[in-house]
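J.: Build me a structure from this.
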Amino acid sequence: MRLSARSTWWLVPLAIFVLTRLVDIFVIAHAAHSQVLMDGSYGIHVEESKPAHPGYWAALTNWDGQWYETIARHGYPRSLPTHGPVPQTAWAFYPLYPMIVRAVMLVTSLGFAPAASLVSLAFAAAAMVLIYRMVLERADGFAATITVLGLCVFPSAPILQAGYTEGLALFGIALLIWCLSRRQYGGALAALLVLALTRPIVIVAAPVIVMHGWLHWRDSTRWQRWAVGGLTAASGLLVLLWPAVAAAVTGRGDVYFATQRAWGNELRLQSSYLGWFFGGDDRQDAVKALLVLLVLLLTLVIPGARAWPIELRVWAMVYGLYLALTLRPTSSIERYMLLAAVPWLPLPALAPAGSQRWVRAVVLGVVAAVGIRMQVGWVGHYLIPTAGSLLPP
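T.: Here you go, the predicted model:
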């Protein structure tokens, strides 16, 4: 079944998104009963101390959410050491998300937690609508529905309503793929800017744009070929945008990289998942991560994956390789995996075209139940700091 003529197609992805977010409200609120006092005594940055058992809203701003709250309220520090190491500072965090949250706080008089959640939810919902529409144009309603459902019940998907950048980043990715698939290159440039000011992943777009240009080379005009070339160059140059801004404001050229080193986030192949696989201290975790990457790569080449736009599949593949090459083994890996922007299992293939409705309904129900159960574990172990687990999401 192709794209429905009805103008209400967008209600399906929004309904899935809203229902799964409501479930996650209860998941997070329940898990927050186990949260310990957060007053900075664990060496974790806090903008404001939180009591034990703080409730739903406070739980949404745990961990990096506290850094984004600091930025939204106070901006970025200008006085830093001119030489040598620098401490962990807000310059490690990109500005677009906290700037938008601050604007919402000023307009609505909301506190940081509800404003941040509102921003995250709005952009994540828009991303789901775009992804649903792109799949619906290429496959049937089931493929589009289970793709969105798979993303909404991904183990780390509760972060889409927290004070984190995943919702905005997912929107930037979906917007980029949407614009490329329609050859709307001005919109694609805007999407690159969103990514460049949200998370350090804009470089992943370069191979996607190159593949897009190669696939459409013969039926492209000269202007379109130049536009694709310009976008490819922009995706490389924009990697340096935020580091350059940080250097200009603070007067220290390496401030962004220096503050990343304070978190142990130096870009070294030997400390990445791939490097640890060939001889690191945590080879077991590296093997697990690379097996998951292999599952993703296989997922993207099976016939069922054809429901996803080719640009989206290339993004997922390159992004997975990017994580393996640049990311050190960390508890944040499941959150980062969400931005592959496709389910990491071949969900559309579970009930291919011609399957009976009850079969598809059962598949959707099983996917939802398994995903939500995994979210309960992820929230309780990572998003909520407890006496037994102080691993950041």
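
J.: what separates Leu383 from Gly172, distance-wise?
T.: Plainly put, Leu383 is 22 Å away from Gly172 if you go by CB to CB, to the nearest Å. C-beta here means a position set from N, CA and C on the backbone, and glycine is covered the same way.

J.: swap in Leu192?
T.: Distance, Leu192 to Gly172, by CB to CB: 8 Å.

J.: Looking at these two, which is more packed in?
T.: The neighbour count for Leu192 versus Gly172, taken as other CB atoms under 10 Å, is higher for Gly172 (28 against 24).

J.: nearest residue to the more buried one other than its sequence neighbours?
T.: Excluding its sequence neighbours, the residue lying closest to Gly172 (CB to CB, 6 or more residues apart in numbering) is Val194, at 3.8 Å.

J.: Report the contact partners of the one you found.
T.: Leu96, Leu168, Phe171, Gly172, Leu175 (CB atoms under 8 Å, 6 or more residues apart in numbering).

J.: Could you give me the PyMOL syntax to select whichever of the residues you listed are buried?
T.: Paste this into PyMOL to select the buried members of the contacts of Val194, with burial taken from 16 or more other CB atoms under 10 Å:
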select buried, resi 96+168+171+172+175
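
J.: Make CSV from the contacts of Val194 and add distance to Val366 and pLDDT to it.
T.: Listed next are the contacts of Val194 as CSV, based on distance: CB to CB, whole Å; pLDDT from 0 to 100:
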residue, distance to Val366, pLDDT
Leu96, 37, 98
Leu168, 31, 98
Phe171, 28, 98
Gly172, 31, 98
Leu175, 31, 98
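
J.: Tell me the one of the contacts of Val194 nearest Val153?
T.: Checking the contacts of Val194 against Val153 with CB to CB, the nearest one is Phe171 at 18.7 Å.

J.: quick one: low-confidence parts of this protein?
T.: For the chain, applying pLDDT under 70 flags the ranges 1-6, 265-286.

J.: which helix is the longest one in it?
T.: In the chain, taking DSSP state H as the definition, the longest helix is helix 112-136.

J.: Check which helices and strands that one sits against.
T.: When contacts are defined as 3 or more CB pairs under 8 Å, 6 or more residues apart in numbering; DSSP states H and E, helix 112-136 sits against helix 11-31, helix 56-59, helix 64-74, helix 96-108, helix 141-152, helix 166-181.

J.: which parts of stretch 295-310 are buried?
T.: Applying 16+ other CB under 10 Å to stretch 295-310 flags Leu296, Thr299, Leu300, Gly304, Ala305, Arg306, Ala307, Trp308, Pro309, Ile310 as buried.

J.: Quick one: classify Leu339 as helix, strand or coil.
T.: Here Leu339 is helix, with the state taken from DSSP: H, G, I helix; E, B strand; the rest coil.

J.: For it, give me its contacts.
T.: By CB under 8 Å, 6+ apart, the neighbours of Leu339 are Glu166, Ala169, Leu170, Ile173, Arg199, Ile201, Tyr319.

J.: Within its local environment, how many residues does the residue nearest to the first one when sequence neighbours are not counted see?
T.: This means Glu166. Spatially, and ignoring its direct neighbours in sequence, Glu166 is nearest to Ile159 (4.9 Å; CB to CB, 6+ apart). Neighbour count for Ile159, taken as other CB under 10 Å: 30.

J.: What are the neighbouring residues in contact with Ile159?
T.: Contact criterion CB under 8 Å, 6+ apart gives Glu166, Arg335, Leu338, Leu383, Pro393 as the residues in contact with Ile159.

J.: you'd agree Phe93 is up against Tyr68?
T.: Yes: contact criterion CB atoms under 8 Å: Phe93 and Tyr68 qualify, at 6.4 Å.
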